[in-house]
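A.B. asks: From the sequence below, what's the structure:
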Amino acid sequence: MISAHWPGVGGGGERTHGPHGAPGPGTGPRPATAVAEARTGLAEGGIPIAAARHGPDGTLLGRGRGRRVQDDDPSMRAETAAFRAAGRQRTYRGTTMVTTLPPRWYCGNLLRRFGISRVVTGEAVTFDGGHDRPAAHGVEILVLDDPGCVALLRGFVRDRPALCNEDIGGRT
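C.D. replies: Presented below is the predicted three-dimensional model:
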């Protein structure tokens, strides 16, 4: 179930409460780390999609960006990179994956398989959808529609349409 949609939360998504007004973990996962990773990926000639994984207390466990262009590896998606950077955990329950875009099927299956409890996605304006699949399997989805994420991804679509279509546009 998609439990919240928070339009207009901007500038790094400083949202510290859960969807029903209850305090979130720690200071709450923020998309700023994922956005910084996405900008780095874009500067490297890649796709500006990134993720960060946080523990139940809000501690940053790992961060990463999609590197399919840079490494010529179609499996190196943002969530995969953040998952790997966080390392092996005893349990993944209670952790949060923060992404710049909603996870598609490939990364959604990763979330589901390891029982990651929550996804905070920076935006679902430029490319809506994808978050329904993990939500159907019990992953809590929070959509921020962060203006920084929207601007970053819209700029990418405008400036690199062929690469966008290869990766996101083709819904891979």
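A.B. asks: centroid residue for the chain?
C.D. replies: Relative to the mean C-alpha position of the chain, the nearest C-alpha, by C-alpha atoms, centre = their mean, is the one of residue 99, at 1.1 Å.
A.B. asks: from memory residue 118 sits against residue 97, does it?
C.D. replies: Yes - the pair residue 118 and residue 97 passes the contact test of C-beta atoms under 8 Å, sitting 7.4 Å apart. Yep, even glycine has a C-beta here, placed from its N, CA and C like the rest.
A.B. asks: more neighbours, those two?
C.D. replies: Neighbours per residue (other C-beta atoms under 10 Å) separate residue 118 from residue 97, with residue 97 holding more: 31 against 23.
A.B. asks: What strand or helix carries residue 53?
C.D. replies: strand 50-54 (DSSP states H and E).
A.B. asks: quick revisit: who touches both of residue 118 and residue 97?
C.D. replies: Contact criterion C-beta atoms under 8 Å, 6 or more residues apart in numbering; residues shared by residue 118 and residue 97: none found.
A.B. asks: The residue nearest to the centre of the chain pairs with what?
C.D. replies: Legend: beta-bridge partners of residue 99 under DSSP bridges are residue 51, residue 121.
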